[in-house]
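Enquirer: Sequence first, predicted model second:
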Amino acid sequence: MTHALVPRNPFEPARQLVLNAVSSPLTRAMYARALDDFFAWYATHGSPAFHRATVQQYRAHLEAQGLAPSSINQKLSAIRKLAAEAAYNGLMDPAAAQAVRDVRGAKTQGARTGNWLTKRQAEALINRPDVTTLKGRRDRAILAVMIGCGLRREEVARLQFAHVAQREGRWCIVDIRGKHGRVRSVPMPSWAKAAIDQWAAGAEISVGSVFRGVNKGDRLTGESLTSQGVWRCVEKYSDVAPHDLRRTYAKLAHRGGAKLDQIQLSLGHASMTTTERYLGVRQDLHDAPCDYLKLDLSSAE
């Protein structure tokens, strides 16, 4: 969907500065959409002064629409960036810009170390799409791969059938390129592979991109799916962000007894510290690794 800019938008120069300031194409697209949505609302409300109260009013508008807190906060981050760039380039009073940047985001209910789903919630989410439709089969496979393998949404969008292969007697996603160009292989649960097979059979595809667009007529469109398409899929069925499904994978695996180093390898983290932060792991001085050594030095010389 194309979001046309409001004519004679006084903040168009600042908008362009915001988009020029980010290197990621995905972030740039997200900021562009968020700002265009804000400007459209801004125009329909008589183009009030761009200050703290206006942004708070817009946040209330987003909340009234029933958007997830993560979606609201994503949109607000673009508006805060707009205020910052406007101030830096003399288009806005610095004090007013700071007031906008201080607008609080939407509260996420039940937030823990990040957002993540319980086992029951994860199962319910994967089973939510209507698998009697082609789009439902695709969406179920997307959710299954994200929760079952911990892939980032960009990795899901780039997933190829060639990546799905057997290694040591089990199905895996092999040699997928992740953040900072790191290549890894991720074991795949049988139910995620079954979801992919069901989607692929219905779509009659077996090569190229695993996930493709599906139109309102429930037919394939295009040869691939964008990361924004993955985002919209998750947003349609839940009130959590795609990255929260990656965190869910890590949390549920850890609770089930998976080793930290194996979770780290599956997630593609360069540092164990990052994995521990995902899981909210803290040092436990009452149940320390040394307590499991079981050494007896009473007879040692």
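Expert: Thanks, I have the structure now.

Enquirer: what does the strand of greatest length in the chain contact?
Expert: Looking across the chain with DSSP state E, the single longest strand is strand 170-177. Identification of contacts with strand 170-177 by CB atoms under 8 Å, 6 or more residues apart in numbering yields 145, 149, 151, 155, 158-159, 163-167, 183-188, 190, 193. Quick note: C-beta positions are derived from backbone N, CA and C, even for glycine.

Enquirer: Now the buried members of those residues.
Expert: 145, 149, 151, 155, 158-159, 163-164, 184-188, 193 (16 or more other CB atoms under 10 Å).

Enquirer: and those as a markdown table, adding distance to V210?
Expert: Converted to a markdown table, the buried ones among the contacts of strand 170-177 look like this (distance: CB to CB, whole Å):
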| residue | distance to V210 |
| --- | --- |
| V145 | 8 |
| C149 | 12 |
| L151 | 11 |
| E155 | 11 |
| R158 | 9 |
| L159 | 5 |
| H163 | 8 |
| V164 | 7 |
| R184 | 17 |
| S185 | 16 |
| V186 | 14 |
| P187 | 17 |
| M188 | 12 |
| K193 | 11 |
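
Enquirer: Mark which of the residues you listed are part of helices, please.
Expert: 145, 149, 155, 158, 193 (DSSP state H).

Enquirer: contact partners of stretch 87-98?
Expert: Against stretch 87-98 from outside (CB under 8 Å, 6+ apart): 11, 13-14, 17, 50-52, 83-86.

Enquirer: and of those, the nearest to G280?
Expert: Nearest to G280 among the contacts of stretch 87-98 is A84, at 30.8 Å by CB to CB.

Enquirer: Tell me if Q166 really is in a helix.
Expert: No. Read with DSSP: H, G, I helix; E, B strand; the rest coil, Q166 is strand and lies in no helix.

Enquirer: where do the helices sit along the stretch 51-200 of the chain?
Expert: Taking DSSP state H, counting those that start in this stretch as the test, the helices found in the stretch 51-200 of the chain are 52-64, 69-88, 94-101, 119-126, 134-149, 153-158, 190-203.

Enquirer: give me the low-pLDDT residue ranges for the chain?
Expert: Applying pLDDT under 70 to the chain flags the ranges 1-10, 108-114, 282-296, 298-301.

Enquirer: and it, what are its domains?
Expert: Following automatic domain parsing, the chain resolves into domains at 12-101, 119-279.

Enquirer: Same list (those) but as CSV, adding distance to K107.
Expert: Below are the domains of the chain laid out as CSV (distance: least, CB to CB, whole Å):
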stretch, distance to K107
domain 12-101, 6
domain 119-279, 12
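
Enquirer: gap between stretch 265-276 and the chain center?
Expert: 17 Å (CA atoms, centre = their mean, to the nearest Å).
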